[in-house]
Structures are given as structure tokens and as C-alpha cells.
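> Any chance you can model this:
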Amino acid sequence: MLKKFMTAAYIRLSREDGDKEESDSVGNQRKLLTEYITVEENMVLYDVYIDDGYTGTDFNRPAFRRMIGDIEAGKVNCVAVKDLSRFGRDYIDTGRYLERYFPEKGVRFISVMERIDSRKQAYDLLLPIRNIFNEQYARDISEKVQTAVRTKQRAGEFVGAFACYGYRKSPADKNRLIVDPYAAAVVRRIFSLYIGGCGKQQIAKLLNAEEILSPSEYKKAMGLSYHNPNRPEGKSYWSYAAVNNILHREMYVGNMVQGTKHQCLRGRQKQIRREDWIIVEHTHEPVIDRETWDKAQFLLRRRRRETGTETDRNLFAGLVKCGDCGRSMVKNMWRLTDGSRVRAMYCGTYKRHGRQYCTSHALPLAILEKIVLDDLNELIRSAGNLRRIADQCCSPGTVPGREAEEVQAEMERVRRLKQSVYEDYREGLISREEFLSYHEDYEKKETLCRRQMEKLEQRKRDCGRGASEIPWLNRLLNQGRVETLDRNIVTEMVHEVRVYENRKITIIYNLCPFIF
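Take a look at the predicted model:
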């Protein structure tokens with residue numbers, strides 16, 4: 001009696017197959033394999049496993065993994081494919097499955113078009129060479145596709161599979177983005193809440209409480225075939241990471257940001273340095289205005305501690321620094337002599353490492369709020385002088401030109417040193433370890449210089465505006481008196497508050513510093 005082989009018909013198709021897509025279509029592969037299995041009297045079709053749209057350079061495909069699961073369970077003992085390229089294009093892993101895994105599991109392998117049958121004869125010497133050619137074909141196609149994609153990205157065309165939350169692809173041109181009114185309104189609200197003092201986790205909880213669909217769920221609701229492989233199965237919700245991602249997306253100011261990751265032929269995508277991203281400005285309608293974006297990015301750079309409830313909201317989150325050690329101050333409860341507790345700001349170094357590194361600098365939040373409120377109202381009372389000071393501070397003569405030149409010169413020097421150390425390594429004058437050490441140091445210096453340049457550019461933009469163009473200053477001069485502080489007033493007017501151990505406080509405003 002002939003042994004019956006429970007056969008898995010494996011089918012794969014992806015865009016990398018180019019002009020062979022018609023001949024390798026799912027329908028043609030299915031027809032070929034089912035006819036072949038029907039003719040063979042000792043073969044029974046157990047199931048058809050289809051990976052449509054998956055590259056052959058990676059074996060982490062859903063249908064393939066399901067087939068391996070059935071092999072492990074003893075349900076399948078034969079695998080049939082149209083040709084080796086349908087099975088895989090990675091010659092290392094393909095060889096491992098064909099020459100080690102399948103023989104160990106007693107699985108028969110058949111490639112119909114290449115007349116390979118592991119039961120009838122051993123693999124010939126040409127099999128590894130075929131696998132290498134299959135991988136090389138995938139590599140060539142990958143390079144051509146990446147070149148074409150980068151060309152489109154540099155032209156400001158959108159090339160992603162899915163538009164980022166807040167936008168959708170134009171029906172007339174899939175490479176152009178248009179605003180999605182519903183999602184864009186949610187994005188604007190997230191920015192508004194964050195600038196207003198809400199933490200990222202708090203924003204996520206609020207959106208979930210209001211049953212607003214998360215970005216991934218919204219894509220599914222719009223009929224898009226979207227799946228995030230990094231997220232566990234089940235319904236997804238708004239999270240800290242989702243809110244944080246939206247707050248950092250420059251796409252929302254109308255700039256096309258692409259080329260942030262590089263896909264290797266093998267392995268996962270790798271993050272690319274920000275300076276190597278492809279950014280094309282003013283390619284689509286902005287969802288967030290530039291002033292709101294700049295304010296949000298300023299607050300994000302503060303790396304402030306997030307709070308979880310409305311009662312925990314700190315008007316000065318991210319803005320208060322210890323005047324002695326420079327670390328951000330954190331909010332905590334302060335127990336008074338009568339046993340009551342009040343909210344107060346403490347030096348972050350003191351809270352984390354103890355008194356031997358810095359003292360508490362404890363300051364009740366209510367006292368800090370009163371000091372800032374009283375000082376703002378004092379500034380309003382001297383509005384005439386304030387306008388004169390504002391005009392002076394915003395005059396073009398205050399543009400930090402010399403500082404920018406010095407930083408630029410330092411950046412050029414570091415780049416020359418990087419090039420020099422690379423040439424020394426290439427000539428064999430220094431070892432690889434020495435090269436990597438020098439290179440890392442120069443990378444850090446270059447990053448520091450770049451951040452300094454960004455700050456100077458921001459100062460330059462601010463100095464280029466007249467006093468009448470600064471929203472917070474007009475608000476201060478026209479209001480007459482500030483009755484109570486809110487997060488918007490604080491973030492618009494206060495750049496930083498420094499608290500010293502001797503109870504001296506320095507307030508640095510977004511216009512000019514005032515010390516009392």
C-alpha cells in the first residue's frame with residue numbers, strides 16, 4: 001500500500017515579481033498545484049496556504065508560519081510549490097528549510113516547474129545556485145524600487161501605503177495628501193490639550209473615555225486593510241505612544257517627511273539619522289499652524305513629567321529649574337507643621353539622589369503662582385516701558401549673527417576631523433576600534449552644534465518679528481490685568497523660572513529677563 005502524503009500547496013506573490021506577476025498569479029499557482037496533486041495517486045491536498053503581497057526574502061509570513069505549525073502538529077508531511085522562488089528568495093534560510101528542517105521532520109518537498117522531488121532523488125548541486133540567483137533577483141529589484149521611491153520622495157510625493165492620521169490620499173492623485181476633516185480635528189485637539197498642560201497619558205485616557213477611535217482603528221473603520229504587526233491582537237486604543245507620535249509629526253505643518261527608515265534585504269527596518277531624512281516643505285495643507293507647532297515642540301523638549309489627573313495639573317510643568325544644580329524641579333506634596341499637605345516644587349536632583357547632591361529648594365505651588373501673577377500685573381502697570389523694551393528686544397540688531405558664525409565654524413571643523421579620521425582608518429593608520437571611538441565623539445559634538453544652531457535660528461526668527469507681532473505681548477498689554485493664571489498664559493509668557501535655595505527667584509520671560 002502506497003504511503004499517502006498530506007500535501008500543503010504553498011503559494012506566494014509579491015510586487016517584487018515585476019513583469020512575472022501574471023504568470024505567477026495566485027490563480028495560476030493554485031491551478032497548477034491542485035492539478036499536479038490530483039494526478040499523483042499517493043498525494044492528498046490537505047490545505048492551500050497563500051501569502052499574497054509578502055516578500056520572499058523574509059520567512060515571517062502568516063500563511064507560511066501556519067503551514068509550519070501544521071507540519072509541527074503532524075498534519076502535513078509534504079510541501080508543493082510552483083517553483084523555488086515562490087518558496088523563498090533568501091538562499092540561506094531556503095537552504096536551511098530544504099536541507100535540514102524538512103528532512104528532520106520527514107517532509108517531502110516538490111517544486112513542480114523545476115521537477116524537484118526530494119522523495120525521488122537527492123537535491124542536485126544546482127539547487128544552492130538557483131537559490132542564490134533567486135535572492136540576487138530580489139536584491140536587484142529591491143534596489144531599483146528603492147531608487148524610484150527616493151526620487152519620488154525628493155519630489156515631495158507621498159509614497160506610503162497609508163496616509164498619516166489627519167490626512168488621506170487624494171482620489172485624483174495617490175501621491176498627494178489632503179486633509180481628513182474628522183481626524184484633523186482630533187489632531188488639533190491633541191495639540192491644544194498638550195499646550196494647555198495635559199500630559200500625553202492624560203490625553204490618551206480622555207480620548208478613550210470619549211470613545212474616539214485610535215489611528216489604527218480609524219483606518220480599519222474607513223475600510224483600509226491596515227495591520228500593525230507590533231500591536232497585540234484585539235481592539236487598539238489611544239496610548240501614550242500614539243499621542244507622543246502625533247505631537248512629534250512634522251507632517252502636520254505641511255511638510256512632507258519621508259525616508260526616516262531603511263529596509264535591508266534581510267532583517268528589520270533601521271532608523272535613519274534625522275539629518276538624513278527627506279523633508280520637502282509646503283507640499284500639502286497644514287493641519288497645525290506654525291506657532292502652535294513651535295510651542296508644542298518647545299514644551300516637548302522640556303521633557304516634563306507627565307501627570308495623570310485634572311487635580312494634578314501643574315501650570316509650570318517643564319518650566320521650573322533648580323537655580324543651583326540646573327535640574328528640572330518636580331511636583332510633590334509638602335507636609336506642613338499642622339499636618340496638612342500642600343503641593344510644592346522640589347529640586348529633581350534632591351528627590352532622586354538625596355541631600356548630599358543638592359538641597360530641596362522646596363517652594364509651594366500656590367506661592368509660585370502668586371509671585372508670577374503679581375509680577376505679570378506689575379509689568380502691565382508699566383506697559384509703556386514694556387513696549388519700548390519689547391521693541392528694542394525685537395529689533396534686528398539683536399540677531400545672534402556672530403554666535404551662529406562661531407557655531408557654524410565649529411561644525412565645519414568637526415566635519416573635517418570626521419573625514420580625516422576616516423581617511424586615517426582607510427589608510428590603516430588607526431585601528432577599527434580607534435576609528436569607532438573617534439567617530440562617536442565627533443558625532444556627539446556635531447549633534448551638539450546642530451542643536452545650538454537650531455536654538456540660534458529660533459532666536460533669529462523671534463528677533464525678526466516686531467513687538468506688535470508677538471501674540472503673548474499684545475495679550476499682556478491689551479488685557480489690563482491678569483486675574484488668574486492658566487497654562488496658556490504661562491507657556492506664552494514664561495520661558496523659565498529658576499528657584500534658588502536662598503528663596504531668590506529668577507523669572508525669564510519669552511521677551512526679556514526680569515529679576516526681582
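> Flag the shaky bits of the stretch 351-500 of the chain, pLDDT-wise.
Scanning the stretch 351-500 of the chain for pLDDT under 70 picks out the ranges 353, 380, 382-403, 455-456, 458-480.
> Which parts of it are strands?
Ranges of strands in the stretch 351-500 of the chain, per DSSP state E, counting those that start in this stretch, are 363-364, 494-499.
> roughly how far apart are residue 320 and residue 343?
Going from residue 320 to residue 343 by Cβ to Cβ, to the nearest Å gives 12 Å. (C-beta placed from N, C-alpha, C; glycine too.)
> Same drill for the two, tell me which one is more crowded.
residue 320 (28 against 15; other Cβ atoms under 10 Å).
> tell me the most buried of the strands of the stretch 351-500 of the chain?
Per-stretch averages of neighbours, counted by mean count of other Cβ atoms under 10 Å, single out strand 494-499 among those, with a mean of 19.
> Quick one: distance of it to the chain centre.
Offset of strand 494-499 from its chain centre (Cα atoms, centre = their mean, to the nearest Å): 30 Å.
> quick one: buried residues of the helix or strand following that strand?
Toward the C-terminus, strand 494-499 is succeeded by strand 505-509 as the next helix or strand (DSSP states H and E). For strand 505-509, a neighbour-count test (16 or more other Cβ atoms under 10 Å) marks 505, 507-509 as buried.
> So what are the sheet partners of strand 505-509 and their directions?
Strands adjacent to strand 505-509 in the sheet, as given by DSSP bridges, are strand 494-499 (antiparallel), strand 513-515 (antiparallel).
> which residues touch residue 241?
Applying Cβ atoms under 8 Å, 6 or more residues apart in numbering, we find residue 241 in contact with no residue.
> Tell me the secondary structure at it.
helix (DSSP: H, G, I helix; E, B strand; the rest coil).
> Grab the nearest non-local neighbour of residue 345.
Spatially, and ignoring its direct neighbours in sequence, residue 345 is nearest to residue 329 (4.3 Å; Cβ to Cβ, 6 or more residues apart in numbering).
> Could you tell me the backbone phi and psi angles at that neighbour?
phi -90, psi 150 (degrees, to the nearest 10).
> Ok, the one 5 residues further on next?
Torsion angles at residue 334 (phi, psi; degrees, to the nearest 10) stand at phi -120, psi 120.
> tell me, how many neighbours does residue 110 end up with?
Counted with other Cβ under 10 Å, residue 110 comes out at 23.
> Would you mind measuring from it to residue 28?
17 Å.
> cool, and residue 506?
From residue 506 to residue 28 the distance is 76 Å (Cβ to Cβ).
> how about residue 112, what does it touch?
Here residue 112 is in contact with 32-33, 36, 80-83 (Cβ under 8 Å, 6+ apart).
> Strands - which of the residues you listed land there?
Judged by DSSP state E, the subset of these located in strands is 80-81.
> Mind telling me what element the residue positioned nearest the centre of the chain is part of?
Residue closest to the average C-alpha location in the chain (Cα atoms, centre = their mean): residue 245, at 5.9 Å. According to DSSP H and E, residue 245 maps onto helix 240-248.
> name the helices or strands packed onto whichever helix or strand comes after that helix?
Next along the chain after helix 240-248, taking DSSP H and E as the criterion, comes strand 256-258. Packing partners of strand 256-258 (3 or more Cβ pairs under 8 Å, 6 or more residues apart in numbering; DSSP states H and E): strand 278-280.
> Please name the strands paired to the strand it packs on in the sheet, noting orientation.
In the sheet, strand 278-280 lines up against strand 256-258 (antiparallel) (DSSP bridges).
> Contacts for the partner strand next, please.
Applying Cβ under 8 Å, 6+ apart, the contact partners of strand 256-258 are 153, 156-160, 177, 249-251, 277-281, 283-284.
> Now do the buried residues in stretch 52-72.
For stretch 52-72, by 16+ other Cβ under 10 Å, it's 54-59, 61, 63-64, 67-68, 70-71.
> And stretch 80-95, by the same measure?
Within stretch 80-95, the residues that qualify as buried are 80-91, 93-95, counting by 16+ other Cβ under 10 Å.
> Identify, by residue count, the longest helix of the chain.
Assignment by DSSP state H gives helix 432-463 as the longest helix of the chain.
> packing partners for that one?
If you count contacts as 3+ Cβ pairs under 8 Å, 6+ apart, helix 432-463 packs onto helix 401-426.
> so what does the helix it packs on touch, helix or strand wise?
Looks like helix 401-426 contacts helix 432-463 (3+ Cβ pairs under 8 Å, 6+ apart).
> If any of the contacts of strand 256-258 are buried, put those into a PyMOL selection.
Buried members of these can be picked out in PyMOL with the line below, counting by 16+ other Cβ under 10 Å:
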select buried, resi 153+156+157+158+159+177+249+251+278+279+283+284
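> Name the residues that touch stretch 184-202?
With contacts defined as Cβ under 8 Å, 6+ apart, stretch 184-202 is touched by 165-167, 203, 206-207, 212, 240, 243-244, 246-247, 252, 287-288, 292-293, 295-296, 299, 306-309, 313-315, 317, 486-488, 491.
> Pull out the buried positions in stretch 326-335.
Neighbour counts over stretch 326-335 (16+ other Cβ under 10 Å) mark 327-331, 334 as buried.
> ok, of the residues you listed, which one's closest to residue 369?
Using Cβ to Cβ, residue 331 comes nearest to residue 369 of those, at 12.4 Å.
> Is the closest one in contact with residue 343, as I believe?
Yes - judged on Cβ atoms under 8 Å, residue 331 makes contact with residue 343 at a distance of 6.1 Å.
> what sits in contact with each of the two?
Common neighbours of residue 331 and residue 343, using Cβ under 8 Å, 6+ apart, are 314, 365.
> And the buried residues of stretch 326-335, which is the shakiest by pLDDT?
When the buried residues of stretch 326-335 are compared by pLDDT, residue 334 scores lowest at 78.
> which residues sit in contact with it?
So residue 334 contacts 341-344, 362, 364 (Cβ under 8 Å, 6+ apart).
> just the residues you listed now: which is nearest residue 501?
Once Cβ to Cβ is applied, the member of these that ends up nearest residue 501 is residue 362, at 9.7 Å.
> From residue 246, how far off is the closest one?
From residue 362 to residue 246 the distance is 36 Å (Cβ to Cβ).
> Repeat that for residue 211.
The value you get for residue 211 to residue 246, if Cβ to Cβ is used, is 18 Å.
> Give me the more crowded residue out of these two.
The residue with more neighbours, out of residue 211 and residue 246, is residue 246; 25 against 7, by other Cβ under 10 Å.
> what residues are up against the more buried one?
165-166, 187, 190, 252.
> Let me see the mean pLDDT of stretch 40-49.
pLDDT averaged over stretch 40-49 gives 91.
> Would you mind writing the CA trace of it as PDB?
Taking Å, rounded to 0.1, in the frame of the first residue of the first chain, the C-alpha atoms of stretch 40-49 are listed here in PDB:
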ATOM      1  CA  GLU A  40      -0.300  12.000  -8.200                       C
ATOM      2  CA  GLU A  41      -2.100   9.000  -6.700                       C
ATOM      3  CA  ASN A  42      -0.200   9.000  -3.400                       C
ATOM      4  CA  MET A  43      -0.800  12.700  -2.700                       C
ATOM      5  CA  VAL A  44      -3.800  14.300  -0.900                       C
ATOM      6  CA  LEU A  45      -4.300  18.000  -0.800                       C
ATOM      7  CA  TYR A  46      -4.500  18.900   2.900                       C
ATOM      8  CA  ASP A  47      -4.800  22.700   2.500                       C
ATOM      9  CA  VAL A  48      -3.800  25.700   0.400                       C
ATOM     10  CA  TYR A  49      -1.500  28.300   2.100                       C
END
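> Return the distance of that stretch from the chain's centre.
Here the centre of stretch 40-49 is set off from its chain's centre by 45 Å, with Cα atoms, centre = their mean.
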